[in-house]
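Student: okay, predicted coordinates and the sequence, questions at the end:
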Amino acid sequence: MPSRRKFIRGSILSSFAVAMTGLKSCVGIEAQEERNKNIPLTKFNPIVISTWNNKTANKTAWNIIQKGGKAIDAVEQGVKTVEADPKDRSVGYGGRPDRDGNVTLDACIMDEAGNAGAVCFLQNIKHPISVARKVMEKTPHVILAGAGALKFALGEGFQKEDLLTDVSRKDWEEWSKNADYKPQINIENHDTIGMLAMDQAGNISGACTTSGLAYKMQGRVGDSPIIGAGLYVDNEVGGATATGMGEAILKSVGSFLVVELMRQGKSPNEACKEAVMRIIKKQKYADLQVGYLAINKAGEMGSFSIQPGFTYATTRETKTQIQHSSSYL
């Protein structure tokens, strides 16, 4: 039997460990609070950021922000410009289809109050992000899928239309000759649009929309419509969005992780890097790309990716720039 002295010594060490854990937690919270203290009470620095080279989307969102509009309206309207662009082959109209030739869309949106809406495996509706917002505002649910999402959209006045353009159809027909499926890193330097914005009131919202992996299995859903994976916002802390291989992001609940790391005091850059490193440590990563993008309440932004080549657009004080993310490889 252990002696009384050993028992007391063990108890002291256990208490010390618990105390240190609490101290680390407090240090993280204090670091976040210190960042927040630097924000003027009556003045915020609005910002719009989005994955890849989406200058037009950013400018659309910024026009709303600079007029005093809300971040939730800015992100919705911003990503809609990409959904409607047939030249963008991985989002909305003109997106590459699944292996059966059907364009299927995923999207989610989240506002400053923590409300969220999403649709997945939605067909024949050009703007899934707007349907997702209707889900958020008009239903008791967060996600609607497939035929149910389409029925809801039609009931809300959205119109059915063929989203498969001639260009995408020809590509699919050519692919079908061999049906060789292999996800491509940084396909066309663009594979999703995730957008985050902070408005003049200091409120943060986000949106994410995609047509998913080209020639995927029918019914496949990636990270983009999943709150906490493709997008997450906590207005007390900040927001994050993801792009790249959805399966890897889903397994790590990446965007939620980034926001929680910022809550513990990490900067957006540090949080994005740590989230990528979680994937590096636990998943095979050589042939896949994942990129994270984040902002915090102080208006700081950051990014990190597995592979080089991840870019993002930033808009602040009417100036829009394309930034190149740091990467692990």
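Tutor: It's in.
Student: when you work out contacts or count neighbours from here on, use the C-alpha atoms and nothing else.
Tutor: OK.
Student: outside of stretch 122-142, which residues touch it?
Tutor: Contacting residues not belonging to stretch 122-142 are listed as 76, 79-80, 83-84, 92-93, 102-109, 115-119, 143-147, 149-150, 153, 156, 158-163, 207-209 [C-alpha atoms under 8 Å, 6 or more residues apart in numbering].
Student: just the buried ones among the residues you listed, please.
Tutor: 76, 79-80, 83-84, 92-93, 102-109, 116-119, 143-146, 149-150, 153, 158, 163, 207-209 (16 or more other C-alpha atoms under 10 Å).
Student: show me where this structure has strands.
Tutor: Using DSSP state E, the strands found in the chain span residues 47-51, 105-110, 116-122, 143-145, 193-198, 204-210, 231-234, 238-244, 290-296, 301-305, 311-316, 319-324.
Student: ok, and what's touching the fourth one?
Tutor: Where contact means C-alpha under 8 Å, 6+ apart, the residues beyond strand 143-145 that reach it are 117, 118, 119, 120, 121, 122, 132, 135.
Student: now with 6 Å?
Tutor: 117, 118, 119, 120, 121 (C-alpha atoms under 6 Å, 6 or more residues apart in numbering).
Student: export stretch 101-121 to CSV, keeping only CA atoms.
Tutor: Taking Å, rounded to 0.1, in the frame of the first residue of the first chain, the C-alpha atoms of stretch 101-121 are listed here in CSV:
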residue,chain,number,x,y,z
GLY,A,101,-23.4,14.7,-65.3
ASN,A,102,-25.4,16.5,-62.6
VAL,A,103,-24.3,19.9,-61.1
THR,A,104,-25.0,19.6,-57.4
LEU,A,105,-24.4,22.5,-55.1
ASP,A,106,-23.5,23.0,-51.4
ALA,A,107,-23.5,26.2,-49.4
CYS,A,108,-23.8,27.6,-45.9
ILE,A,109,-24.1,31.0,-44.2
MET,A,110,-23.7,32.2,-40.6
ASP,A,111,-24.5,35.6,-39.0
GLU,A,112,-23.2,37.5,-36.0
ALA,A,113,-25.8,36.1,-33.7
GLY,A,114,-24.7,32.5,-34.3
ASN,A,115,-27.6,31.7,-36.6
ALA,A,116,-26.8,29.4,-39.5
GLY,A,117,-28.3,27.8,-42.6
ALA,A,118,-27.1,25.4,-45.2
VAL,A,119,-28.1,23.4,-48.2
CYS,A,120,-26.4,20.4,-49.7
PHE,A,121,-26.8,18.2,-52.8
